[in-house]
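**Q** Any chance you can model this:
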Amino acid sequence: MISEKIREDFPLLKKHPGLIYFDNAATSLKPQQVIDEVSRYYSEVSANSGRGSHRLAQRAGYEVEKSREEVAKFIKAKPGELVFTKNATESINVVAESLERAGKFKDGDEIVISILEHHANLIPWQQVCKRTGAKLKVVNLNDDFTLNMNDLEEKITRKTKMIAMAHASNTVATILPVEKISKIAHDNGALCLIDVAQSTPGIEINSKKIGADFMAFSAHKMLGPTGIGGLYIKEEHIDKMEPYNYGGGIISKVTIEKSDWVKGPEKFEAGTKPIAEAMGFAAAAKYLSKIGIGKVREHEMQLVKYALKKMGEIKDLKTYCPNNAEKQTGIVLFGIDGIDAVDLGVVVDEVSKVAIRTGLHCAEPMVSSINPKGLARASFYLYNTLEEIDTFVDALTATSNSFK
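**A** Have a look, this model is predicted:
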């Protein structure tokens with residue numbers, strides 16, 4: 001497992017002694033190295049990029065492009081294939097809106113998603129279908145919460161224009177076979193978008209191996225700042241797509257009558273860029289690369305395997321995930337009979353300073369199909385320990401017993 005010494009890099013853990021942070025799937029903590037890089041922008045640069053010829057403006061532009069190179073390298077992509085967005089949600093909206101503007105979807109076309117999608121990969125496609133008359137088709141899961149590949153194959157037709165699915169679920173934790181999904185899409189003449197927001201923190205992402213046309217992710221889930229995300233667009237698509245927002249920074253020429261767009265990822269980055277956040281994003285990618293994403297994944301698997309074993313010993317507790325560390329990320333979705341999930345979250349926080357997520361997890365169709373009132377979720381990351389899981393399980397056991 002990753003050394004506990006790594007915890008020293010995270011100032012929030014020092015600020016809140018005894019905190020057990022198991023809400024990593026919502027957002028991760030930030031190491032000092034990332035915080036320092038964000039601060040460096042404001043203390044050393046603080047100018048706008050692409051807006052002037054003075055040295056600080058040039059330095060800002062340099063920092064943005066250097067950050068783009070670092071984040072692109074993290075997902076094995078070219079810098080010219082990486083767009084900076086606000087988050088994975090905006091990344092998916094960029095693709096949906098841009099393709100719709102380009103006339104990609106029409107009445108009778110089909111868009112295919114899975115039942116486990118986060119709202120960010122459901123609502124944009126739902127709205128595209130509402131506006132264009134396309135049909136939204138939803139692929140179901142097997143009993144063990146893995147994707148039903150037979151159902152996927154049956155729901156793909158020659159009318160399918162887009163398959164949009166998560167690499168890893170933010171609720172039931174399932175890791176989907178994204179290489180196969182991309183191939184199925186392309187074999188049927190469809191485009192493919194993969195939401196890698198929950199996989200980039202702990203699974204190696206290789207854009208070429210996955211083979212998707214688009215990938216969306218967020219910095220804040222992989223140790224980076226909030227307010228910035230990444231959108232991978234396969235090189236062949238960028239110049240064919242329409243901008244999502246309009247304004248300064250995306251144009252090569254403007255007259256009163258018309259505007260011409262720049263080529264490359266900047267076409268989708270209207271307005272002032274999130275420069276400080278981009279620098280922090282790059283620092284997070286460097287930090288994870290230095291540790292080794294394979295080691296992060298191994299640590300995560302050991303934690304979830306241990307958690308599943310210990311939680312399985314609690315009477316009346318049920319888990320909703322593949323229950324197999326190799327088939328899921330470091331997330332355990334669960335409930336205890338007779339205890340409301342929100343109440344459970346409050347109690348374990350008050351009793352043992354354990355921070356977990358409760359509710360419908362921005363994936364209401366998935367979670368409400370199990371429990372309409374919501375469920376609890378513990379999610380682990382590289383700074384978590386086996387001892388923390390022991391404390392957590394003790395708190396769950398005590399809570400379960402007290403409600404009897």
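
**Q** Every contact and neighbour count from this point should use C-alpha atoms.
**A** Will do.

**Q** Give the rounded mean pLDDT of stretch 169-186.
**A** Across stretch 169-186, pLDDT averages out at 98.

**Q** Contacts for that stretch, please.
**A** Residues from elsewhere that reach stretch 169-186 (CA atoms under 8 Å, 6 or more residues apart in numbering): 25, 116-118, 145-147, 153, 162-163, 166-168, 191-192, 194, 198, 209-212, 320-322, 327-333, 361, 363, 366-367, 377.

**Q** Let's see the pLDDT reported for the nearest residue to Lys353 once chain neighbours are set aside.
**A** Leaving aside its sequence neighbours, Lys353 sits nearest to Leu19 (CA to CA, 6 or more residues apart in numbering; 5.2 Å). Leu19 carries a pLDDT value of 98.

**Q** thinking Leu19 is in contact with Val351, fair?
**A** No - with contact defined as CA atoms under 8 Å, Leu19 does not reach Val351; the gap is 11.1 Å.

**Q** What residue spans form the domains of this protein?
**A** As assigned by automatic domain parsing, the chain contains the domains 4-22+292-402, 34-289.

**Q** now those as JSON lines including mean neighbour count?
**A** Formatted as JSON lines, the domains of the chain follow (neighbours: other CA atoms under 10 Å):
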{"stretch": "domain 4-22+292-402", "mean neighbour count": "18"}
{"stretch": "domain 34-289", "mean neighbour count": "20"}
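
**Q** for Lys66, phi and psi?
**A** Here is the backbone geometry of Lys66 (degrees, to the nearest 10): phi -70, psi -40.

**Q** Name the helix or strand for Phe334, please.
**A** strand 331-336 (DSSP states H and E).

**Q** what sits up against the next helix or strand after that strand?
**A** Under the assignment DSSP H and E, the closest C-terminal helix or strand after strand 331-336 is helix 341-352. With CA under 8 Å, 6+ apart as the test, helix 341-352 has contacts from 18-20, 335, 354-359, 373-376, 391-392, 395-396, 399.

**Q** and helix 341-352, how far out from the chain's middle?
**A** On the basis of CA atoms, centre = their mean, to the nearest Å, helix 341-352 sits 26 Å off its chain's mean C-alpha point.

**Q** relative orientation of it and strand 331-336 in degrees?
**A** 100 degrees (axes from the mean of the first three to the mean of the last three CA atoms, to 10 degrees).

**Q** give me the low-pLDDT residue ranges for the stretch 301-404 of the chain?
**A** 404 (pLDDT under 70).

**Q** In it, what residue spans correspond to helices?
**A** 341-352, 364-368, 386-402 (DSSP state H, counting those that start in this stretch).

**Q** could those helices go into JSON lines alongside distance to Pro31?
**A** Listed next are those as JSON lines, based on distance: least, CA to CA, whole Å:
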{"stretch": "helix 341-352", "distance to Pro31": "23"}
{"stretch": "helix 364-368", "distance to Pro31": "31"}
{"stretch": "helix 386-402", "distance to Pro31": "19"}
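
**Q** Those helices: which one's closest to Gly61?
**A** Nearest to Gly61 among the helices of the stretch 301-404 of the chain is helix 364-368 (40.6 Å), distances taken as CA to CA.

**Q** the helices in the stretch 1-150 of the chain, which residues?
**A** Taking DSSP H, counting those that start in this stretch as the criterion, the stretch 1-150 of the chain carries its helices at 11-15, 32-40, 55-74, 88-101, 123-132, 149-155.

**Q** rewinding a little: against Glu388, how distant is the residue nearest to Lys353?
**A** Distance, Leu19 to Glu388, by CA to CA, to the nearest Å: 9 Å.

**Q** Look up the residues that both of those two are in contact with.
**A** If you check Leu19 and Glu388 against CA under 8 Å, 6+ apart, no residue is contacted by both.

**Q** Would you state the strands of the stretch 251-400 of the chain in chain order?
**A** 251-254, 259-261, 317-319, 331-336, 354-355, 357-359, 375-379 (DSSP state E, counting those that start in this stretch).

**Q** what would these look like in TSV with distance to Ile6?
**A** Below are those laid out as TSV (distance: least, CA to CA, whole Å):
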stretch	distance to Ile6
strand 251-254	44
strand 259-261	45
strand 317-319	29
strand 331-336	21
strand 354-355	19
strand 357-359	24
strand 375-379	18
